[in-house]
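The following comprises the amino acid sequence and a computationally predicted model.
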Amino acid sequence: MKRAALLICACACSRAAPPAENQGVIELHERVLSFEVSGRVKERRVRRGERVEAGQTLALLDDSLERPQREARAAEARAADAQLDLLKAGTRAEDLRAAEAQLRGARAAEDTLRDSLERTKKLRAEGTVPPSQLDEIQGQHDRARAERQAAEERLAALRAGARSQEVRAALARSSQAHAQLDAEDARLSRFVLRSEIPGVVLDTHVEPGEVVQPGTPVVTVGETRRPYLDVFVPQGELGEMAVGSPAQVRIDALGGEWFQGTVEMIGRSLEFTPRYLFSEKERPNLVVRVRIDLQDPGERLHAGVPAFARISTRHLEAHK
């Protein structure tokens, strides 16, 4: 009876016992930021330990040689837009009236020369004028008729407005000019280094005046709202956890307050030596690195602080 009572008590204690705690150190996800183009660093706007927000400018490259080219592209785009607007607006009333006046003048000149040509033909038939005079009047009349026809064509073209092909060609030129301008703007945006996340500047790697190449580290930013904790779990306990397992993390500095996290990664290799010869005494001491991703919107956790984690296995038991 006494032995049975002890067994029952032991089973009850084992069920009530909380998960084992694993120790680790709080770390921050780091992003080493760099420019995508080469150039001379014009300005670095942050220092180590400074708080930055997403989209905040961290550093600038000198774009004095690139800016004039961008302005030239902008001028070309404005000219193309103006030409397109001119074609879409059609002919001005003043231009139509001027063309009509030119046509009236051309018709009057043609009528006058036609009458003169008829009189000259009669005089030539009577032998009063030489043939050269008739030829001259005939040439003047032909020129006047051609000028009248040209004036009619100009007036008709002005009344009809721009052809659809001309409008499409102007639209294509405008689109091309704006595409080139957008490409210049996109290139100039590479001269500005911005933070993609809110966090803290952990390190700066360049000073103003230095020439950097694409990919050269400029600023390292730590994600203070998403720290992580690496703990070392005995290999015998790995069967009770998986990626996605919920976890709780506490640190002594905050009075034992628990932070919620999730298992993000379980290592695929064992830690600690010996690596190839494992005695029965050493096998229980072999551990695997497990990373716990934490959520800390209040940014209360600091890198380097010791922490203790409990990894839950209840979600695994629910699937069994």
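Sure, I can see it. Numbers count the residues shown, from 1 in each chain.

quick one: average confidence on stretch 94-102?
Predicted confidence along stretch 94-102 averages 78 (mean pLDDT).

cool, and stretch 157-164?
Mean predicted lDDT for stretch 157-164 stands at 69.

what's the span of that stretch, first residue to last?
13 Å (CA to CA, to the nearest Å).

Would you mind listing the buried residues in stretch 287-304?
287-292, 294, 296, 301 (16 or more other CB atoms under 10 Å). All C-beta atoms are positioned from the backbone trio N, CA, C, and that covers glycine.

distance between it and the chain's centre?
31 Å (CA atoms, centre = their mean, to the nearest Å).

likewise stretch 302-309?
On the basis of CA atoms, centre = their mean, stretch 302-309 sits 36 Å off its chain's mean C-alpha point.

Alpha carbons of it, in CSV - could you do that?
What follows is stretch 302-309, C-alpha atoms only, in CSV (Å, rounded to 0.1, in the frame of the first residue of the first chain):
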residue,chain,number,x,y,z
HIS,A,302,18.1,43.9,-24.5
ALA,A,303,20.7,41.9,-26.4
GLY,A,304,23.2,40.0,-24.2
VAL,A,305,20.8,39.5,-21.2
PRO,A,306,20.6,35.9,-19.9
ALA,A,307,17.1,34.4,-20.2
PHE,A,308,15.3,31.2,-19.4
ALA,A,309,12.8,29.5,-21.7
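
just for the stretch 151-300 of the chain, where's the confidence low?
Residues of the stretch 151-300 of the chain that meet the criterion pLDDT under 70 lie in 158-162, 256, 271-285.

Now with 80, please.
For the stretch 151-300 of the chain, applying pLDDT under 80 flags the ranges 154-164, 235-240, 253-256, 269-286.

could I get the buried residues of stretch 287-304 as TSV with distance to Thr128 and secondary structure?
Listed next are the buried residues of stretch 287-304 as TSV, based on distance: CB to CB, whole Å; DSSP: H, G, I helix; E, B strand; the rest coil:
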residue	distance to Thr128	secondary structure
Val287	130	strand
Val288	125	strand
Arg289	122	strand
Val290	123	strand
Arg291	118	strand
Ile292	120	strand
Leu294	117	strand
Asp296	115	coil
Leu301	119	coil
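
For the stretch 151-300 of the chain, which segments are assigned as helices?
Here the stretch 151-300 of the chain has its helices, by DSSP state H, counting those that start in this stretch, at 164-189.

ok, now the stretch 1-150 of the chain?
2-16, 67-89, 93-126, 131-160.

how about those helices, which one is nearest Ala172?
For the helices of the stretch 1-150 of the chain, proximity to Ala172 was assessed by CB to CB; helix 67-89 is nearest, at 9.2 Å.

Tell me what angle the closest one forms with helix 164-189.
Angle, helix 67-89 to helix 164-189, by axes from the mean of the first three to the mean of the last three CA atoms, to 10 degrees: 160 degrees.

ok now helix 67-89, how far from the chain's centre?
On CA atoms, centre = their mean, the centre of helix 67-89 falls 24 Å from that of its chain.

Contacts for that helix, please.
162, 166-167, 170-171, 173-174, 176-178, 180-181, 184-185, 188 (CB atoms under 8 Å, 6 or more residues apart in numbering).

Would you mind checking the average pLDDT for it?
Across helix 67-89, the average pLDDT comes to 89.

Sort out which residues of that helix are buried, please.
Quick answer for helix 67-89 (16+ other CB under 10 Å): 70, 73-74, 76-77, 80-81, 83-84, 87.

Could you chop the protein up by domain?
18-30+220-319, 31-63+189-218, 69-186 (automatic domain parsing).

got a list of what Arg173 touches?
Going by CB under 8 Å, 6+ apart, Arg173 touches 80, 83-84.

Closest one of the residues you listed to Pro246?
Ala80 (59.5 Å).

are any of the contacts of helix 67-89 buried, and which?
162, 170-171, 173-174, 177-178, 180-181, 184, 188.

Redo the residues you listed as CSV? Include distance to Val218.
Shown next, in CSV, are the buried ones among the contacts of helix 67-89 (distance: CB to CB, whole Å):
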residue, distance to Val218
Ala162, 52
Ala170, 44
Leu171, 42
Arg173, 39
Ser174, 38
Ala177, 33
His178, 31
Gln180, 29
Leu181, 27
Glu184, 23
Leu188, 17
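
Quick check, Ser38 in contact with Pro214.
Yes: contact criterion CB atoms under 8 Å: Ser38 and Pro214 qualify, at 5.9 Å.

among the buried residues of helix 67-89, which two are most distant?
Between all members of the buried residues of helix 67-89, the farthest pair (by CB to CB) comes out as Arg70 and Leu87, at 26.6 Å.

Great, nothing more from me.
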